[in-house]
Every structure is written in structure tokens, then in C-alpha cells.
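**Student:** Just a sequence and a predicted model for now, questions to come.
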Amino acid sequence: MSKIKIDLTNYLGIEKNVDFRGLQDKVFSIISNLYASKSNLPAMTGWLSLPHDSGMFQQINDFVSKIKSSDQYQHLLVLGIGGSSLGAQALIESLKTNLWNRLSATKRKGYLTVDFIDNLDPVIIRTVLSRLKLDKTLFVVISKAGGTVETIVPMLIAKEWVGENFYKQCIFITSVETHHGASTLFDLGKKHQVPIFPIPENVGGRYSVFSSVGLLPAALCGVDLNEVKAGLLEADSLCQIQDIRTNIAASLALCAYFSYLANRNIFVLMPYSTCMRRFVDWFIQLWAESIGKNQKGSTPICAIGATDQHSQLQLFNEGPNDKLICFVKINKHKRDLTVPDYSDDNLNFRAYAGHKVGQILNIELDATRRALAESKKPNITITLPELNEFYISELMYILEVATAIKGNLLGVNPFDQPGVELAKRYTKEALTNK
């Protein structure tokens, strides 16, 4: 089987004062400590155990089969924010494209259309609810704490629109217990006999994509969880290899660390695939919330190739040299198209004739890498053999481990988010004191 690869040619030849060998023992100690702490609840590293949770995968697959065979639902509406939404969106859009809902039920093979309400935007809430057949809609409500305002408020609006049968059409994904006692969603689910999928206590929101949080919505849209699990197990093994040249997570973390020390405090993730835009959004939360602490951290930026060659590349190439750019290349594009020869219409068209569209896209990627390197702008490239369940899951897990390593190298806790809590408190106070 083909492997995910990382190319550091345009990094090691440009970034100065890089000493991978000098830090490799520290990096492997960090990795060992991460895996050794999986069963330690306060460590919040339970996400490393998810690839091995066969019972969870089976439970989700069984539930999805039951939903499909019932023929009760046509639509899926996911209510959640941040880590309770972005992971599922990343998986579904990467694998099914952002045009999934436009396909017929036959082309979707009976799987559900999907919408996400992940913000308190009244225009979006009203528009989504008004266009769905609400009696044919399955509502998946996700909040680890069980009382997230951006989740509960749309749920209450939806309940008003649906009526007395609302809870019969719901699935809750939440924790059984929180620091403040029982989860509101958990108690509500028990009261109304709503099926509940638990979020492990030691799995934080931004690391929860491979729990029920991300996997249940993805499976309801036809994502193959058996392939997801296989990709995760491959990544799990790869991330524990004590060889910098083979361990992509370790290499990526070290690149980001040494660039940060060189005052490159912006990390650009630039996949050459429109389908991966929400994947980058997922990564931005993962990276920003995990390492942006104690006046440290690098700002994650989204760029999509080749689209952003026509917007951001000018800045990347001739602007401040404060960025590390990580390209993601898809080696083989699914259902690729061949450009026809219409050079009779215009001789300039001959250059494109016979090429695959994906081939041209990758030529543009390689040209962009080369241009940046000539401008002494460090960049790295991760290549996926193709964009499927196996490789996208493997990459996401690798990025989770790389993020945890980078946080530890910076001396910050990559599993808390104290900077978020104050705004939550002020919001609660304002609502309570209305």
C-alpha cells in the first residue's frame, strides 16, 4: 500500500539553525509520555485510545444501519460548535465534497443529506430549518459540557419548529458527567429517552473527531468507518516510530518549532483541493487552541491551492518572511478528467490537451513550491496517495499528534483552553442578569 510522505527539501535547505538530531530524544520522550498517559483522566490524552475502540466503531455502524433500514429520515442536522462540529464537517466535505446535498438519494445510496448549525446566526438558523422536511430530519445535538449556548439555543428553536415529536428525532452526543455535575444534555436525554452517545471524559473537543462526535455524522453520510479505523491504526503505529525520518508527526512538529524560533509565527496549511477547506478549518482550531498560550504559538492560516495562488501567494512570496507553508498534495485525484484537444479553436489550448485536470493542479503546486523556495520562503509538502477515508483519517491523527508535540516543545499544555473560559463566563453572566 502507498504511504503518506513528507518532503522537507524546501525546508532544510532554507531554514537555518535546524537541529532535528539534537531534539529527537526530547521529541520521542514527549511521544512516549503522551501514550503512557492515555488512561490518566487529567492528562486529556484519551483521544490516543480511540483508534482501538472497536466497540465504539461497531456501535456507530450498527446505529447507522438501523437508521438507513428504517427509511424514516432524509436529512441530518448537526447542532454543535467548534470541536463538536468541525471534525465531522472536515471528514464529510473532504470525502463527499461540499456538493453532497445536491446529489439524488440514489447517488447518495440512501445516506442522509447534512447541514450544520455551528453559530448563533439567526439568518442561517431560520434558512436551514425552513428548507428541511423537519419530519424527515434526524437531529444530532453535540456538546461535551452539555450546555453550550451555541448548541442549546438552536436546539430550542428547532424544538419549537418541530413540535412535540422533536426529542423522538434526536440523538445526543455528550459527556455523562462534567466538572459541574451531570451534563444538561445527558439529563435531558434520559428524561425524554433520547439515544445518547457518550464523549469520553479525557477527550477534549478539538481532539474528538474520531469519537462519536465526528464519526456518527460522517457515517450517516456514507463515510466508511472501517477504512477510517484502518487509517487511524496505521497512523497510531507510525506516530510511535522512533525515527525522525519516518515519523511524520515528529518531523512536522520540529519544522514548526524551529520556524517559530526563527520568528516565523504564522503556519499556513495549503491543500491543493477545494474539498479540504473545512479540513483546514478543523486544523486551525486544533492548532490555535492547543498551542496559543503564555504569549507563545504560531497563527494558523487557511489557503487553498490553486485558488489562493490568485490572492495570497503574492503575500507569501514577497511579503514578510514570517510564515512556514505546509502544502498538502493529492497524488491521485478520484474521477479525474482529461482535457480535450481544442487547439483548432486556439493554439494556446494545445498545452493543456491530454493532461488530467488533477495533473495540472499538481504541476501548479510544484511550481508554487519552487517559486517560494527561490524566494527563500521555507515550505514543506505532505503527499497523500489519494483523498479517501484511510488517508484523510491517517493525516488528521498525525496532525493531532504533531500539535501535541509542538505544544510540549513550547512548554504549554496543548489540551486546555483557559483563554476561552473568560468570554464564556461573561456571556453567562450577561444572560443570567438580563
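**Tutor:** In hand now; what should we look at?

**Student:** list the contacts for Lys229?
**Tutor:** Pro51, Ser54, Phe57, Ser393 (C-beta atoms under 8 Å, 6 or more residues apart in numbering). Yep, even glycine has a C-beta here, placed from its N, CA and C like the rest.

**Student:** Please list only the buried members of these.
**Tutor:** Listed as buried from the contacts of Lys229 are Pro51, Phe57, Ser393; burial here means 16 or more other C-beta atoms under 10 Å.

**Student:** Kindly check the end-to-end length of stretch 335-346 for me.
**Tutor:** One end of stretch 335-346 to the other measures 27 Å (C-alpha to C-alpha, to the nearest Å).

**Student:** So what touches that stretch?
**Tutor:** When contacts are defined by C-beta under 8 Å, 6+ apart, stretch 335-346 is touched by residues Phe349, Arg350, Tyr352, Ala353, Gly354, His355, Lys356, Val357, Gly358, Gln359, Ile360.

**Student:** just to revisit the earlier point, would you turn the contacts of Lys229 into CSV with secondary structure and distance to Ala373?
**Tutor:** Formatted as CSV, these follow (DSSP: H, G, I helix; E, B strand; the rest coil; distance: C-beta to C-beta, whole Å):
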residue, secondary structure, distance to Ala373
Pro51, helix, 35
Ser54, helix, 44
Phe57, helix, 42
Ser393, helix, 30
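
**Student:** re the thing from before, tell me the two of the contacts of stretch 335-346 that are most distant?
**Tutor:** The span of the contacts of stretch 335-346, defined through C-beta to C-beta, is set by Arg350 and Gly358 at 19.6 Å.

**Student:** most surrounded residue in the contacts of stretch 335-346?
**Tutor:** Gly358 (19 neighbours; other C-beta atoms under 10 Å).

**Student:** contacting residues for that one?
**Tutor:** With C-beta under 8 Å, 6+ apart, Gly358 has these contacts: Ile330, Lys332, His333, Asp336.

**Student:** just the buried members of those residues?
**Tutor:** Ile330, His333.

**Student:** and the contacts of Gly358, which of them are in helices?
**Tutor:** Using DSSP state H, the subset of the contacts of Gly358 located in helices is empty.

**Student:** So which of the contacts of Gly358 belong to strands?
**Tutor:** Those of the contacts of Gly358 mapping onto strands are Ile330, Lys332, per DSSP state E.

**Student:** can you put the contacts of Gly358 in JSON lines and add distance to Gly13 and pLDDT?
**Tutor:** Formatted as JSON lines, the contacts of Gly358 follow (distance: C-beta to C-beta, whole Å; pLDDT from 0 to 100):
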{"residue": "Ile330", "distance to Gly13": "24", "pLDDT": "98"}
{"residue": "Lys332", "distance to Gly13": "27", "pLDDT": "96"}
{"residue": "His333", "distance to Gly13": "28", "pLDDT": "96"}
{"residue": "Asp336", "distance to Gly13": "32", "pLDDT": "98"}
